[in-house]
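Asker: Any chance you can model this:
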Amino acid sequence: MSKLAERSLILRAEEVRRALADGAVTVCRPVKLPRSIGAEFGSARWEPARRPQWYKGHGSVWIDQAHPTDSYPWIIEPPFGDPGSERWVKETWAPTDADIASTRTIYRADGEYGGIIKWRPSTYMPRHRSRLGLELTDVGCKQVHQITDSEVRAAGIEERHIDKYHEFLHKGDCAGAAFGEQWDRRYAKRGLGWDANPWIWVGAYRRATP
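Answerer: This is a model prediction of the structure:
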């Protein structure tokens, strides 16, 4: 990974497992919408700005092409950057000994460990503890109900979570339901639950050298 890749990306356990197993992972995060957007946000059509340099103070930006204006359009900024951008991964971790300087690192995504482990939040992982680097290959913006079955699986949702919906849902709806369940656990309290159908960023990553 390039020495210029100083930015990090926090991954959840299921995302880490997917990246390690398949060498690729899809990361979905809510879009931070401009405050000026009203009820009509659902009909927006977000696309990369052809000339992002027109919007001072912004790097890579997307604008709403469905509601063009003569002044300042609605703007959102992808947290992942542009395709080709690299990130080193932060995840939940712990040192194996009180002597942090000389000990190895264990990772919660790897499974259960015996004894009582004081896990450290991913936000506090230093770069030298990271075992995973990622390169962005594609980025999109859509409403969460538009997520595809392949994106759900690429995001780390395991088949056992999808299979439990087969008894009472059409086969084509099971992956979305499993994704929606986990999405709600993280975002429903923020008003961004599945039923609200919020806009999301969908970033496709492949493994790179950390």
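
Asker: all contacts plus neighbour counts: C-alpha atoms, from now on.
Answerer: OK.

Asker: can you pull up the bridge partners for the residue most central in space within the chain?
Answerer: With distances taken as C-alpha atoms, centre = their mean, residue 27 lies nearest the centre of the chain, 3.0 Å away. Each beta-bridge partner of residue 27 is listed here: residue 203, as defined by DSSP bridges.

Asker: Test my guess that it contacts residue 157.
Answerer: No - under the contact definition of C-alpha atoms under 8 Å, residue 27 does not touch residue 157, with a separation of 11.3 Å.

Asker: just to revisit the earlier point, please name the residues that touch the residue nearest to the centre of the chain.
Answerer: In this structure, residue 27 makes contact with 15, 155, 201, 202, 203, 204, 205, judged by C-alpha atoms under 8 Å, 6 or more residues apart in numbering.

Asker: How many residues are close by the nearest residue to the fourth one once chain neighbours are set aside?
Answerer: Same thing as residue 202. Excluding its sequence neighbours, the residue lying closest to residue 202 (C-alpha to C-alpha, 6 or more residues apart in numbering) is residue 28, at 4.7 Å. Other residues near residue 28 come to 21 when the count uses other C-alpha atoms under 10 Å.

Asker: Please tell me how far residue 28 sits from residue 122.
Answerer: When distances are taken as C-alpha to C-alpha, to the nearest Å, residue 28 and residue 122 turn out to be 17 Å apart.
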